[in-house]
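Undergrad: Compute the structure for the input listed below.
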Amino acid sequence: MSEHHKQEMIVRHKLFDRICHWFIVAAGLVTFLTGFSFFYPSFQWLGGIAGTPQLARFIHPIAGLFMCLPLMLMLVRYYHHNKWEKNDLKWMLAIKDVMFENEDKIPPIGHYNPGQKVLFRAFVVTSIVLTVTGFIMWQPYFAPYFSATTVGWAILLHAVCALIMLIFVMVHFWMATWVEGSVAGMLYGKVSKAWCRKHHPRMLEEDSEAEKH
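TA: Here you go, the predicted model:
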């Protein structure tokens with residue numbers, strides 16, 4: 001790689017955040033597969049990832065914690081990039097141009113676009129609800145301390161939030177693969193300045209301001 005090309009690359013995701021992200025992906029895969037295996041009878045075969053239904057029930061809450069706790073840590077670290085900005089509403093109103101990649105008609109945005117900021121908030125809410133309800137319904141450790149009605153509501157909320165999170169995970173996957181270079185940025189940590197100018201032009205300004213401070 002030439003020295004000139006190296007200078008054209010900038011850091012988008014730090015190593016710690018990339019490790020967190022892929023750890024969450026692995027833990028999330030186990031969590032969703034085991035969870036669906038006993039929440040929905042037609043998906044019982046998914047529990048095979050754990051070996052037996054009993055082992056799936058044991059692994060699920062632990063994998064869930066390994067998914068949600070690092071996710072919340074990552075969300076805290078990414079908070080400053082996900083604040084609403086003045087161009088976000090204009091970007092959302094120009095969603096047609098965004099979809100058709102009419103770059104000259106799209107308002108410049110920073111480190112994350114408004115769609116990603118919506119995903120950020122959805123992950124915050126669902127991860128908190130899944131963690132709280134998960135503890136309430138966790139047999140045989142915590143569930144006995146709550147009434148049957150409370151546990152019943154926790155199970156319902158847990159299932160609904162799991163579906164909502166899964167939908168947003170699918171949207172997140174689609175958005176990441178739709179914009180070329182996004183997955184590489186999370187794998188290797190760096191993206192080109194040309195990529196930033198095209199997809200997140202204000203990111204360069206934000207990074208420059210951060211360096212000054």
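
Undergrad: I'd say residue 53 and residue 43 touch.
TA: No - with contact defined as CB atoms under 8 Å, residue 53 does not count as touching residue 43 (11.8 Å). Quick note: C-beta positions are derived from backbone N, CA and C, even for glycine.

Undergrad: How far away from the center of its chain is stretch 187-205?
TA: Centroid separation between stretch 187-205 and its chain, computed with CA atoms, centre = their mean, to the nearest Å, is 19 Å.

Undergrad: ends of it, how far apart?
TA: This stretch, stretch 187-205, spans 23 Å end to end (CA to CA, to the nearest Å).

Undergrad: residue contacts, the closest residue in space to residue 50 that isn't next to it in sequence?
TA: Closest residue in space to residue 50, ignoring its immediate chain neighbours: residue 56 at 3.9 Å, by CB to CB, 6 or more residues apart in numbering. Shown in contact with residue 56 (CB atoms under 8 Å, 6 or more residues apart in numbering): 34, 37-38, 47, 49-50.

Undergrad: cutoff 7 Å now
TA: Going by CB atoms under 7 Å, 6 or more residues apart in numbering, residue 56 touches 34, 37-38, 47, 50.

Undergrad: Would you mind checking those for buried ones?
TA: 34, 37, 47, 50 (16 or more other CB atoms under 10 Å).

Undergrad: For these, work out which two are farthest apart.
TA: Farthest apart among those by CB to CB are 37 and 50. That separation is 8.0 Å.
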